[in-house]
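K.L.:
missing the sequence, but the structure's below:
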């Protein structure tokens, strides 16, 4: 018999991440808020409002039967394609990146909506076609369907395009585990990313900065982030005591927030955060394994892939393991659109967990 309550462990982990994110965001953003807007809590208040909306959305979605979303999966994907196309035509730019759409006083990133839209669409498509098609056919269908949104998003947001492509690969692999076809897909994906890197000069410049950040003015952020990580030591300077957030790490509350966490909370705090993310992924895996059907399992697998890829990319960028891609840390970095749709995804996973037997 299916359980009537959502997964308590997942709820506690999500709430822990939300609280951790709000506390560290206030600590990280207070200086920028005071300098720019004469309000230390400027970023915190906006994030708190978006988080409240997200928790409300999570509560509502978690109480719905996730099968209802299958009816609108196709339309949701088409809407995400349309919104991503609209960004190219009438989108707003911020720090040189054209990623936002404005509706009156509100602005949002359609690329954040594209992630759950792709998860639902591919989960629905694979679950209804797997029995009718072979392994290779499903794989090619998944890649073919997701390429339009990858191409549109990748035009001005390569990191999100990589995440969406990664979600597609993980869902295809989950439904048809096998390694040979994914080797070819990996080679094709590498070539695809290489073409995108070569299309814009600034992307090639990022590769050069990654190899030698000291030689470029734009490598300043990377170097200061590494200084923050190194100065944190084992237990950090203490919450609120970061020096690098005082204008040395530009936009510290965004992509580089992990470096400030390392500085204030040290290696211990950074490992604690990584452990919480690991527990979150473990819970997704448990729910996916016990889901009542393939559609539910694929939803959880897609959400797990989304979170895992984004966390790995963000930490890799902050530690200069890979070139800077402008990717946020889920639940932690500043961004109202991001936290709203992330919590909505958590609601989807909780909805699946309600029907686990």
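P.N.:
Happy to help now that I have it. Quantities reported herein were computed from a predicted structural model and do not represent experimental measurements. Numbering: from 1, shown residues only.
K.L.:
contacts and neighbour counts: CA atoms only from here.
P.N.:
Fine.
K.L.:
Grab the most central residue of the protein for me.
P.N.:
residue 310 (4.5 Å; Cα atoms, centre = their mean).
K.L.:
Report the secondary structure element holding that one.
P.N.:
helix 294-318 (DSSP states H and E).
K.L.:
same check, this time on residue 21
P.N.:
Per DSSP H and E: helix 8-37 holds residue 21.
K.L.:
same thing with residue 98?
P.N.:
Judged by DSSP H and E, residue 98 forms part of strand 97-103.
K.L.:
Now do that strand: everything it contacts.
P.N.:
86-88, 90-93, 107-111, 156-157 (Cα atoms under 8 Å, 6 or more residues apart in numbering).
K.L.:
what lines up beside that strand in the sheet?
P.N.:
strand 92-94 (antiparallel), strand 106-108 (antiparallel) (DSSP bridges).
K.L.:
What residues of the helix or strand that the last one is followed by count as buried?
P.N.:
Scanning forward in sequence from strand 106-108 by DSSP H and E, the next helix or strand is helix 110-129. The neighbour-count check on helix 110-129 (16 or more other Cα atoms under 10 Å) flags 110-127 as buried.
K.L.:
before we move on, what about stretch 289-301?
P.N.:
Buried, per 16+ other Cα under 10 Å, within stretch 289-301: 289, 291, 292, 294, 295, 296, 297, 298, 299, 300, 301.
K.L.:
between those, which is nearest residue 315?
P.N.:
residue 301 (21.2 Å; Cα to Cα).
K.L.:
what sits against that closest one?
P.N.:
By Cα under 8 Å, 6+ apart, the contact set of residue 301 is 170, 171, 174, 284, 285, 288.
K.L.:
thinking again about what came up before, please spell out which residues along the helix holding residue 21 are buried.
P.N.:
By neighbour count on 16+ other Cα under 10 Å, the buried set for helix 8-37 is 10-11, 14, 17-18, 21-22, 24-33.
K.L.:
ok, residues contacting the following helix or strand past that helix?
P.N.:
Later in the chain than helix 8-37, the nearest helix or strand by DSSP H and E is helix 42-62. Here helix 42-62 makes contact (Cα under 8 Å, 6+ apart) with 6, 18, 22, 25-26, 29-30, 33-34, 334-337, 339-352.
K.L.:
rerun at 7 Å
P.N.:
Contact partners of helix 42-62, identified using Cα atoms under 7 Å, 6 or more residues apart in numbering, comprise 22, 25-26, 29, 33, 334-336, 339-341, 343-344, 346-348, 350-351.
K.L.:
Restricted to strands, list those residues.
P.N.:
Using DSSP state E, the subset of the contacts of helix 42-62 located in strands is empty.
K.L.:
Just these: which are in helices?
P.N.:
Using DSSP state H, 22, 25-26, 29, 33, 336, 339-341, 343-344, 346-348, 350-351 are the members of those that sit in helices.
K.L.:
Max pairwise distance over those: which two?
P.N.:
Top of the distance list for the ones in helices among the contacts of helix 42-62 (Cα to Cα): 33 and 351, 37.1 Å.
K.L.:
And the pLDDT for the residue nearest to the centre of the chain?
P.N.:
Here the pLDDT value assigned to residue 310 is 95.
K.L.:
quick one: residue 356 from residue 286, how far?
P.N.:
Counting by Cα to Cα, to the nearest Å, the gap from residue 356 to residue 286 is 10 Å.
K.L.:
out of these two, which sits in the more crowded spot?
P.N.:
Using other Cα atoms under 10 Å, the more surrounded residue of residue 356 and residue 286 is residue 356, with 23 against 15.
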